[in-house]
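# Kindly generate the corresponding structure for this input.
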Amino acid sequence: MLEDSAGKTKRSLNAEIIARLEESFRPRTLDEVESAKTQELGKELATLSIESFRLNQLMDDLLEKAKTPLNEEDTAELESLVVHVAEKIGKVERTKHQKLMALELLKR
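Below you'll find the model as predicted:
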């Protein structure tokens, strides 16, 4: 990871380590910290939105499959999958809501 980063910035490994250490000890203003946190939350929200979309598509596919005649074993497996995906959707949506609330608090 450090080697890749050093290569991208055209620095030696030692110079990359020093640059990272200097950056981590650089004093930051409250505005810089809030801006960085806002950007981080934005990235997390984007990732969560993509995951939510993917899970909802999967749920739609599962519900569509449920409309077809299935044997008992397939029905039980499908029900289990639907419950699992629904739980994951709930978790992602709760996390998304928490991140949105944190973002709103930072903007105040």
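# Centre-most residue in this structure?
Nearest to the geometric centre of the chain sits residue 47, at 3.6 Å (C-alpha atoms, centre = their mean).
# Please point out which parts of the helix or strand where that one lies sit buried.
If you go by DSSP states H and E, residue 47 is part of helix 30-65. Under the neighbour-count criterion of 16 or more other C-beta atoms under 10 Å, helix 30-65 has 41, 44-45, 48, 51-52, 55, 58-59, 62 buried. (Each C-beta comes from the backbone N, C-alpha and C, glycine too.)
# For stretch 53-66, give me every contacting residue.
The contact list for stretch 53-66 (C-beta atoms under 8 Å, 6 or more residues apart in numbering) reads 78, 81-82, 85-86, 88-89, 92.
# TSV please, covering those and showing neighbour count and distance to residue 10.
Output for the contacts of stretch 53-66, formatted as TSV (neighbours: other C-beta atoms under 10 Å; distance: C-beta to C-beta, whole Å):
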residue	neighbour count	distance to residue 10
78	16	54
81	16	49
82	16	51
85	17	45
86	13	49
88	16	42
89	17	44
92	20	39
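# which among those gets closest to residue 11?
Nearest to residue 11 among the contacts of stretch 53-66: residue 92, at 38.0 Å, using C-beta to C-beta.
# Now do the closest one against residue 40, distance only.
18 Å (C-beta to C-beta, to the nearest Å).
# All good on my end, thank you.
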